[in-house]
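[1] Pasting the sequence and the predicted model now:
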Amino acid sequence: MLKTKEKEESMNSKTIIVAPSVLASDFNNLGAECERIEKAGADWLHLDVMDGHFVDNISFGPPIVQSIAKIATVPLDTHLMIERPDHFFPRFIPYVRNITIHVEPQYDIGGTLKGIRAGGATCGLAISPPTSFEEVEPYLDQIDLLLVMTVNPGFGGQHFMESMMAKVKRAAQLRAERRLDFHIEVDGGIYPNTAAIARESGANVLVAGTGVFRAQDAALAIKELRE
């Protein structure tokens with residue numbers, strides 16, 4: 001099971017949370033990289049799982065997540081960019097705090113969200129740039145986190161799509177109107193300038209890969225994202 005120092009505020013939707021993406025780490029020194037970024041102030045570690053089908057890239061699967069869980073002391077935020085999250089999510093449940101699935105593939109989304117929660121993790125739902133926000137609206141009362149992709153999923157190093165802030169603002173509006181409590185997370189092209197735009201739009205969880213793992217001073221990079 002995941003060793004964690006779970007802070008109560010880590011699941012508070014008003015707290016700014018920085019979740020560096022492990023995909024941007026040096027995989028030759030994966031354990032040391034995760035420890036380095038934790039010490040620099042990361043709130044969560046973001047794990048991008050890709051299957052080569054839903055997105056045109058392959059990253060890593062349960063064995064790597066399990067290895068990270070053995071040394072991680074912050075919550076693991078796992079993003080399943082795969083065609084069959086309904087089939088594979090149980091393999092990640094023992095090791096992670098949150099599992100986010102995508103709204104685009106054809107499967108039982110509601111049933112999968114319930115299954116993730118029943119397994120003991122929190123559940124998130126992700127939306128890609130081309131997808132209409134209306135696709136996630138029916139599930140907003142069933143999730144702990146909404147991930148608005150600010151790049152097309154599959155590869156790191158892309159440019160931030162500011163037009164996606166309309167989805168972030170809509171999510172924040174509906175959350176308030178319906179008296180819901182879920183995180184609004186953004187992922188893709190997140191640096192201090194774009195983090196400020198996302199925060200002002202209503203996002204409180206910032207996923208950054210290159211901007212943290214490859215920064216000269218990771219602690220300063222995290223501080224700048226948060227502030």
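    Cool, the structure landed. Numbers count the residues shown, from 1 in each chain.
[2] Quick one: residues contacting residue 29.
    Contacts for residue 29 (CB atoms under 8 Å, 6 or more residues apart in numbering) come out as none. Using the backbone N, CA and C atoms, a C-beta is placed for each residue, glycine as well.
[3] hang on, it is in a helix, isn't it?
    Yes - under DSSP: H, G, I helix; E, B strand; the rest coil, residue 29 sits within a helix.
[4] Do you know the pLDDT at it?
    Here the pLDDT value assigned to residue 29 is 96.
[5] and the gap between it and residue 153?
    Separation of residue 29 from residue 153 (CB to CB, to the nearest Å): 26 Å.
[6] How about residue 128?
    From residue 128 to residue 153 the distance is 6 Å (CB to CB).
[7] likewise residue 173?
    24 Å.
[8] Also residue 181?
    Taking CB to CB, one finds residue 181 at 25 Å from residue 153.
[9] Which one of the two is surrounded by more residues?
    Taking other CB atoms under 10 Å, residue 181 and residue 153 do not tie; residue 153 has more neighbours (23 against 11).
[10] now do the same end-to-end measure for stretch 41-61.
    Terminal residues of stretch 41-61 are spaced 25 Å apart (CA to CA, to the nearest Å).
[11] How far away from the center of its chain is the helix or strand bottoming out on mean pLDDT in the chain?
    Ranked by mean pLDDT, DSSP states H and E, the weakest helix or strand in the chain is helix 210-213, scoring a mean of 95. Its chain's C-alpha centre and that of helix 210-213 lie 15 Å apart, by CA atoms, centre = their mean, to the nearest Å.
[12] Can you name every helix or strand that that helix contacts?
    On a contact count with 3 or more CB pairs under 8 Å, 6 or more residues apart in numbering; DSSP states H and E, helix 210-213 meets strand 17-20, helix 30-39, helix 218-226.
[13] what residues are up against residue 205?
    Residue 205 neighbours (CB under 8 Å, 6+ apart): 16, 17, 19, 44, 77, 145, 183, 184, 185, 186.
[14] any residues touching the helix or strand hosting residue 185, and which ones?
    Assigned by DSSP states H and E, residue 185 belongs to strand 183-187. Strand 183-187 is contacted from outside by 11, 13, 17, 19, 21, 46, 77, 79, 100, 124, 144-151, 164, 168, 171-172, 175, 198, 202-207, using CB under 8 Å, 6+ apart.
[15] I'd like the average pLDDT over stretch 37-50.
    For stretch 37-50, mean pLDDT rounds to 98.
[16] Enumerate the positions of that stretch that are buried.
    37-38, 40-50 (16 or more other CB atoms under 10 Å).
[17] any idea which of those residues is the one closest to residue 112?
    Nearest to residue 112 among the buried residues of stretch 37-50: residue 49, at 14.4 Å, using CB to CB.
[18] May I ask you to confirm that the closest one is in contact with residue 78?
    Yes - between residue 49 and residue 78 there is a contact under CB atoms under 8 Å: 6.4 Å.
[19] Mutual contacts of those two, please.
    65, 92.
[20] In the chain, where's the longest helix?
    Longest helix in the chain by number of residues, with DSSP state H as the criterion: helix 165-177.
[21] Give the rounded mean pLDDT of that helix.
    When pLDDT is averaged along helix 165-177, the result is 98.
[22] Output the contacting helices and strands for it.
    By 3+ CB pairs under 8 Å, 6+ apart, helix 165-177 packs against strand 145-149, strand 183-187, helix 192-201.
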